[in-house]
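J.: model this:
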Amino acid sequence: MYDELKQRYDFASWHGITTLPLYLLLWHYHLRGIQLPDWELRSARVLTLPQRTRFLPSMWLRPGGRHRNEALRVDTYECASREEAHETMIRLLGQFSAPVMQRQTDTGFGDICFGGTEFTAVLFARANLVFLIANAGRSRLGVTKFAQVFDHDLITKPEYAAKPERPPAPAAVACAISGTSSFIDIDNTRPVRKRAQPPDRSETIEAQHKLFARHCELYAEDDLIRAEPLEAGKQHVEIYTEEESGKWQRRDVSIERVIR
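T.: Have a look, this model is predicted:
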């Protein structure tokens, strides 16, 4: 069945592709800060699926008046790498009837995108994330503009404080452990806040990170980020971390490819 899906959707032609000039990895992604004008985030959860994939299902509503029948479902899958995200995408495509979802190449969002003719649902991958955005109300609602908002948030480098208001967190450390890879240890020990959830529940919110690199593939491995330089010489990784206040801080790591 899995091999049939790969053949049906021409998986070999897009597995692992990126349309960005930089390599990107999102780690501990969350929906805080996403703004959909005139829409409210009504529910959001964080679950862990097999293979340690983080699953973030959410529901958005457009309240009041003539818009009361409009609802939006956004399912987000955070994978360890771009390649793993594309593997997840092909499995999700198996949940649709074959004629429903077709590859779309001119949407302006995602590295790879599939959608129906009316775009009431889109499935797209960007870096190591996969999004399923679908109309969940009784009204016929196209969802491409919402996909564009989510995608733009992913690929945009955050504005960060040039001078931190608090002492800076320990710098990320890169250690070469082989001839082709280094591991980046992002300090993950600072306190994180808990958001109250009725009834009497709380959700721990981990710090969100965005990593950009020009010549390094990036992979999440347990509590570390593996950087694999694609060219000889010193390479740089920009790490943006969202603080508890909602502001971003930037730290840079230099990695030099070791030849042994």
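J.: look up the closest residue to residue 141, ignoring the ones flanking it.
T.: With Cβ to Cβ, 6 or more residues apart in numbering as the criterion, residue 141 has its nearest non-adjacent residue at 4.2 Å, and that residue is residue 135. Any C-beta I mention is one placed from the backbone N, CA and C, and that applies to glycine too.
J.: pop out the phi and psi values for that neighbour.
T.: phi -60, psi 130 (degrees, to the nearest 10).
J.: quick one: contacts for it?
T.: Contact analysis of residue 135 by Cβ atoms under 8 Å, 6 or more residues apart in numbering lists 71-73, 120-121, 141-143.
J.: residue 183 is in contact with residue 223, isn't it?
T.: No. Using Cβ atoms under 8 Å as the test, residue 183 is too far from residue 223 to be in contact (9.9 Å).
J.: which of the two has more neighbours?
T.: residue 183 (19 against 10; other Cβ atoms under 10 Å).
J.: excluding chain neighbours, what is closest to that one?
T.: residue 224 (4.6 Å).
J.: before we move on, what about residue 14?
T.: In this structure, residue 14 finds its nearest non-sequential neighbour in residue 112, 4.8 Å apart by Cβ to Cβ, 6+ apart.
J.: beta partners of that neighbour?
T.: Per DSSP bridges, the residues bridged to residue 112 are residue 125.
J.: burial of it, as a residue count?
T.: 25.
J.: who are the contact partners of it?
T.: 14, 17, 86, 89, 103, 124-125.
J.: ok, the nearest residue to residue 31 once chain neighbours are set aside to residue 157 distance?
T.: Spatial nearest neighbour of residue 31, excluding adjacent residues (Cβ to Cβ, 6+ apart): residue 44 at 5.5 Å. Residue 44 sits 24 Å away from residue 157, going by Cβ to Cβ, to the nearest Å.
J.: between these two, who's got more neighbours?
T.: Ranked by neighbour count (other Cβ under 10 Å), residue 44 and residue 157 place residue 44 first, with 19 against 13.
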